[in-house]
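1. how would this look folded up:
(chains A and B)
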Amino acid sequence: QKEVEQDPGPLSVPEGAIVSLNCTYSNSAFQYFMWYRQYSRKGPELLMYTYSSGNKEDGRFTAQVDKSSKYISLFIRDSQPSDSATYLCAMRTGGSYIPTFGRGTSLIVHP
Amino acid sequence: EAGVTQFPSHSVIEKGQTVTLRCDPISGHDNLYWYRRVMGKEIKFLLHFVKESKQDESGMPNNRFLAERTGGTYSTLKVQPAELEDSGVYFCASSPDPNYNEQFFGPGTRLTVL
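-> Here you go, the predicted model:
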């Protein structure tokens, strides 16, 4: 079993839709949870990170962590074509500087 | 401020040849990381430099891979001799502090071994 599971998609939605991206994990020692966005031919860039269970909001993006279920989500409201990218979840333990990545979900927002 | 840069953007070599990838981190970032993504798989950690010292090289697949960081500035990753399974995208990232949750990634070098 992989430490971090993420459906690669692609996920195709119409402009304006609410998008839900998810990851599950098996290592209960993970404490820091991150979402990266990667455009084609570019490197990943950090979108959001959270430390504890609960929700964290930043503009149209909301990150949600449920440690009891080992499940994290990223919600995108009012999705735009410019949101089309691969979204990678990543997480690390408190004792490591190195994140473990999911495979990434390819998101396509069509006009 | 310039971001992390990597050179070359693409490299196509034959099995058995040598390839050297270069990474220039953001100025002032002491921490430099190398990652690799094989097609269809996750981004995997290779190693971590703090300044010129290797802090963690637990992800290096074998001794065909050699990483260096001259004077704590740019870094090179040499693969010698290259094998087919070394194909993938090699990312470099940097951060000012290892506890900093954001690592700044370069655009990657796409390596194809034929």
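
2. just list the residues touching the residue in chain A that chain B sits nearest to, thanks.
-> Of all residues in chain A, A:Gly43 sits closest to chain B, at 3.2 Å by CB to the nearest CB. All C-beta spots, glycine's among them, are computed from the backbone N, C-alpha and C. Residues near A:Gly43 by CB atoms under 8 Å, 6 or more residues apart in numbering or on different chains: B:4, B:91, B:93, B:105-108.

3. now A:Lys2
-> A:26, B:42.

4. residue nearest the centroid of chain B?
-> In chain B, the C-alpha nearest the mean C-alpha coordinate belongs to B:Trp34, at 3.4 Å (CA atoms, centre = their mean).

5. partner strands of the host helix or strand of that residue, parallel or antiparallel?
-> Using DSSP states H and E, B:Trp34 sits in strand B:31-37. Taking DSSP bridges as the criterion, strand B:31-37 sits next to strand B:43-50 (antiparallel), strand B:88-95 (antiparallel) in its sheet.

6. kindly format the C-alpha coordinates of that strand as PDB.
-> Below are the C-alpha coordinates for strand B:31-37, written out as PDB (Å, rounded to 0.1, in the frame of the first residue of the first chain):
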ATOM      1  CA  ASN B  31      18.700  24.100   1.500                       C
ATOM      2  CA  LEU B  32      18.700  22.400  -1.800                       C
ATOM      3  CA  TYR B  33      16.700  19.300  -2.700                       C
ATOM      4  CA  TRP B  34      16.700  16.900  -5.700                       C
ATOM      5  CA  TYR B  35      13.600  14.900  -6.600                       C
ATOM      6  CA  ARG B  36      12.700  12.700  -9.500                       C
ATOM      7  CA  ARG B  37       9.400  11.800 -11.100                       C
END
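
7. the strands in the chain, which residues?
-> Chain wasn't specified; assuming chain A. Using DSSP state E, the strands found in chain A span residues A:4-5, A:11-14, A:19-25, A:30-38, A:45-50, A:54-58, A:61-66, A:71-76, A:85-93, A:100-101, A:105-110.

8. I was thinking of chain B, sorry if that wasn't clear
-> B:5-7, B:10-13, B:19-24, B:31-37, B:43-50, B:53-56, B:65-69, B:75-79, B:88-95, B:104-105, B:109-113.

9. out of those strands, flag the one nearest A:Phe30.
-> Closest to A:Phe30 of these, according to CB to CB: strand B:43-50, at 14.7 Å.

10. next, the angle from the closest one to strand B:75-79.
-> 130 degrees (axes from the mean of the first three to the mean of the last three CA atoms, to 10 degrees).

11. close to chain A: what parts of chain B are there?
-> Within chain B, the positions adjacent to chain A are B:4, B:31, B:33, B:40-45, B:48, B:56, B:59, B:91, B:93, B:98-99, B:101-108 by CB under 8 Å from any CB of the partner chain.

12. what about 7 Å?
-> Proximity of chain B to chain A (CB under 7 Å from any CB of the partner chain) is limited to residues B:41-43, B:45, B:48, B:56, B:91, B:98-99, B:101-102, B:105-108.

13. which two among the residues you listed are spaced furthest apart?
-> Of all pairs in these, the most separated under CB to CB is B:Lys41 and B:Asn99 at 27.1 Å.

14. please say which of those two ends up with more neighbours.
-> More neighbours surround B:Lys41 than the other of B:Lys41 and B:Asn99, with 13 against 10 (other CB atoms under 10 Å in any protein chain shown).

15. about what we covered before: adding mean neighbour count and mean pLDDT, write the strands of chain A out as TSV.
-> Shown next, in TSV, are those (neighbours: other CB atoms under 10 Å in any protein chain shown; pLDDT from 0 to 100):
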stretch	mean neighbour count	mean pLDDT
strand A:4-5	19	96
strand A:11-14	14	97
strand A:19-25	19	97
strand A:30-38	22	95
strand A:45-50	17	93
strand A:54-58	12	92
strand A:61-66	18	96
strand A:71-76	20	97
strand A:85-93	22	95
strand A:100-101	22	96
strand A:105-110	17	97
